[in-house]
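Undergrad: Mind looking at a prediction? Sequence and model below.
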Amino acid sequence: IVTFSKNAIFDVDLDSSRIGIDVGEQLTMQQCLYAILLESANEVTYAV
């Protein structure tokens, strides 16, 4: 399980690809990998 910190959300450039994760939200590693591969979710990459 990956829990998203404030840093993971807000340290990523505002104009980069995101999926809109909130602070404290949790995803499984499989969900994170799908988000990274399919949506280029930079906040997820930072959290992982």
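TA: Noted; the coordinates are in hand.

Undergrad: what about the helices in the protein?
TA: Remark: helices assigned in the chain by DSSP state H are 6-10, 29-39, 42-47.

Undergrad: Would you mind measuring the gap between the ends of stretch 8-19?
TA: One end of stretch 8-19 to the other measures 12 Å (Cα to Cα, to the nearest Å).

Undergrad: Apologies, that question was intended for stretch 22-34.
TA: Using Cα to Cα, one end of stretch 22-34 lies 17 Å from the other.

Undergrad: distance between it and the chain's centre?
TA: Here the centre of stretch 22-34 is set off from its chain's centre by 7 Å, with Cα atoms, centre = their mean, to the nearest Å.

Undergrad: highest average neighbour count across the helices of the chain?
TA: helix 42-47 (a mean of 20; mean count of other Cβ atoms under 10 Å). In this view, the C-beta of every residue, glycine as well, is placed from N, C-alpha and C.

Undergrad: Packing partners of that helix?
TA: Judged by 3 or more Cβ pairs under 8 Å, 6 or more residues apart in numbering; DSSP states H and E, helix 42-47 is in contact with strand 2-3, helix 6-10, helix 29-39.

Undergrad: which residue sits closest to the residue nearest the centre of the chain in space, ignoring its chain neighbours?
TA: Centroid-nearest residue in the chain, with Cα atoms, centre = their mean: Val44, separated by 2.0 Å. Nearest non-adjacent residue to Val44, counting by Cβ to Cβ, 6 or more residues apart in numbering: Ala35, 4.5 Å away.

Undergrad: give the contact list for that neighbour.
TA: The contact partners of Ala35, taken as Cβ atoms under 8 Å, 6 or more residues apart in numbering, are 19, 27, 41, 44.
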